[in-house]
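> Show me how the following folds:
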Amino acid sequence: MVKLGIIGTGIIAHEHIKATQQIPGVHIVALSNRTLGKAIDVARTYGIDERNVFGDYHAMLASVKLDGAIICLANHLHEESAIACANVDVPVLLEKPMAQDSEACKRINALFEATKTKLMIGHTQRYNPLYVATKRIIDSKELGKLIMVKDSIHYHYFWEGRPAWFLDDSKCGGGILMNYGVHTLDRVCYLTGQPINTIFAHVDWEQPAVAVDSGYQIMALMGNDISMTMTCTGYSNPFVNATEFIFSKGIVRVTLRDNVIEPKGVWIGSNEHDFKQIPVEDDNSYRLQLVDFLKYLNDETPSPIDGAYGQRIVELVERSYQSHKEQRSVEV
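Below is the predicted model:
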């Protein structure tokens with residue numbers, strides 16, 4: 001049996017717990033959350049032994065023998081909690097972004113390398129079955145050369161009840177660009193297989209009485225002469241979450257959420273035919289991510305998303321803020 005612990009029992013922790021329930025032999029055996037009552041409620045919901053519920057993750061790490069820990073805390077707490085795990089040789093699946101800034105990422109990487117502790121960064125969206133199917137199409141080169149990518153996210157980010165740390169720059173490292181931008185940056189870099197080399201960004205702060213940024217538009221030049229744009233607003237509905245890949249012989253469009261314009265799915269159009277929706281295998285991104293983490297724990301693969309990559313994604317966010325501030329393109 002693989003015994004995992006959860007550090008932080010917020011919204012995302014539920015997704016990780018549900019994923020373990022879909023994999024035989026994998027169990028969440030311990031939980032920690034600074035609000036102990038919240039962790040107890042989660043334990044009761046999923047049938048986790050309340051004797052292994054803690055208000056302090058240091059106590060959990062000292063008391064329960066774990067094969068790995070999943071960290072689901074606020075961004076500014078990623079560093080100290082990951083370091084606590086590395087100091088007792090507990091492998092970590094660390095929710096994105098890796099940390100609230102690249103300097104914290106560097107410190108995490110240095111310790112995990114020194115202690116030889118395993119680390120995987122949780123960039124979950126690349127495991128979305130729609131993107132898994134898209135990756136196969138891109139890699140097949142059936143539509144010719146990939147020329148450009150367009151990514152759009154529009155969502156009412158500042159919904160009532162959003163945890164306060166998301167709106168505190170000292171705790172999140174940035175607003176919607178740090179939280180959602182890392183999703184786009186990861187899915188674009190991973191799916192294309194190319195790095196981002198140059199960034200030109202405009203970031204805005206349009207949400208009244210909120211200190212963190214609420215929208216951005218970024219143009220980037222990638223390897224293999226691919227151009228990319230990413231647009232995101234946090235004050236606008238209806239919800240849009242889509243990525244479009246333009247090739248020399250066709251287009252692939254991925255829509256992650258149904259709307260009245262188009263349903264959720266992967267659509268392919270080419271010089272020979274209009275857009276057609278392709279079948280996509282039904283699966284859960286958190287389950288697929290956990291399967292990869294387990295392979296890593298069992299020494300079947302290197303880290304699927306290592307700390308160096310997690311740090312680079314955070315650095316891309318920082319270069320975007322720099323580009324906005326200096327009103328110029330920035331080399332990465």
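
> Pro263 in helix, strand or coil?
Here Pro263 is recorded as coil under DSSP: H, G, I helix; E, B strand; the rest coil.

> which one is it nearest to, not counting chain neighbours?
Sequence neighbours aside, Thr255 is the residue nearest to Pro263 in space, at 7.0 Å (criterion: CB to CB, 6 or more residues apart in numbering). (C-beta placed from N, C-alpha, C; glycine too.)

> same check, this time on Asn87
Thr115 (7.2 Å).

> Angles on the backbone of the residue nearest to Pro263, please.
Backbone torsions for Thr255, taken as degrees, to the nearest 10, come to phi -120, psi 120.

> Ser152 versus that one, what's the distance?
10 Å (CB to CB, to the nearest Å).

> how about Arg107, what does it touch?
Arg107 sits next to 79, 83 when contact means CB atoms under 8 Å, 6 or more residues apart in numbering.

> again, only this time at 7 Å
Glu79 (CB atoms under 7 Å, 6 or more residues apart in numbering).

> ok, so what distance separates it from Lys264?
From Arg107 to Lys264 the distance is 39 Å (CB to CB).

> you'd agree the residue nearest to Asn87 is up against Ala86?
Yes: counting by CB atoms under 7 Å, Thr115 does reach Ala86; the two are 4.9 Å apart.

> Comparing these two, which residue is more hemmed in?
Set Thr115 next to Ala86 and count neighbours by other CB atoms under 10 Å: Ala86 wins out with 22 against 15.

> Read off the pLDDT value for the nearest residue to the more buried one once chain neighbours are set aside.
Among residues not flanking Ala86 along the chain, Thr117 sits closest, at 4.3 Å (CB to CB, 6+ apart). The model reports Thr117 with a pLDDT of 98.

> Quick check on Thr117: phi, psi?
Residue torsions, per degrees, to the nearest 10, at Thr117 are phi -90, psi 140.

> Ok, Met228 next?
phi -140, psi 140.

> Could you give me the buried positions within stretch 235-255?
Buried residues in stretch 235-255, counting neighbours by 16 or more other CB atoms under 10 Å, are found at 235-236, 240-247, 250, 252-255.

> Next one: Glu244 from Thr231, what distance?
11 Å.

> Let me know the average pLDDT across stretch 14-30.
Mean predicted confidence for stretch 14-30 is 97.

> Could you list the buried residues of that stretch?
14-17, 19-20, 26-30.

> Please look at Gln194 and Met222 and confirm they touch.
Yes: contact criterion CB under 7 Å: Gln194 and Met222 qualify, at 4.4 Å.

> Quick check on these two: which one has the bigger neighbour count.
Legend: neighbour count by other CB under 10 Å for Gln194 and Met222, higher for Met222 (21 against 18).

> and the more buried one, what does it touch?
Neighbours of Met222 in contact, by CB under 7 Å, 6+ apart: 192, 194-197, 228.

> Now Cys232: closest residue in space, sequence neighbours ignored.
The nearest residue in space to Cys232 (CB to CB, 6+ apart) is Ile153, at 4.4 Å.

> quick one: that neighbour is in a strand?
Yes: counting by three-state DSSP, Ile153 is found in a strand.

> How many residues are close by it?
Based on other CB under 10 Å, the number of other residues close to Ile153 is 25.

> what separates it from Leu290, distance-wise?
25 Å.

> coming back round to it: out of the buried residues of stretch 235-255, name the ones that lie in helices.
Assignment to helices by DSSP state H places none of the buried residues of stretch 235-255 there.

> so which pair among those is furthest apart in space?
Tyr235 and Gly250 (33.9 Å; CB to CB).

> Just the strands from the stretch 51-200 of the chain, written as ranges.
53-54, 68-71, 92-95, 119-122, 146-154, 196-204 (DSSP state E, counting those that start in this stretch).

> so what strands line up beside the fourth one?
When pairs are called by DSSP bridges, strand 119-122 turns out to pair with strand 92-95 (parallel).

> for the record, mean pLDDT for the strand it pairs with?
98.
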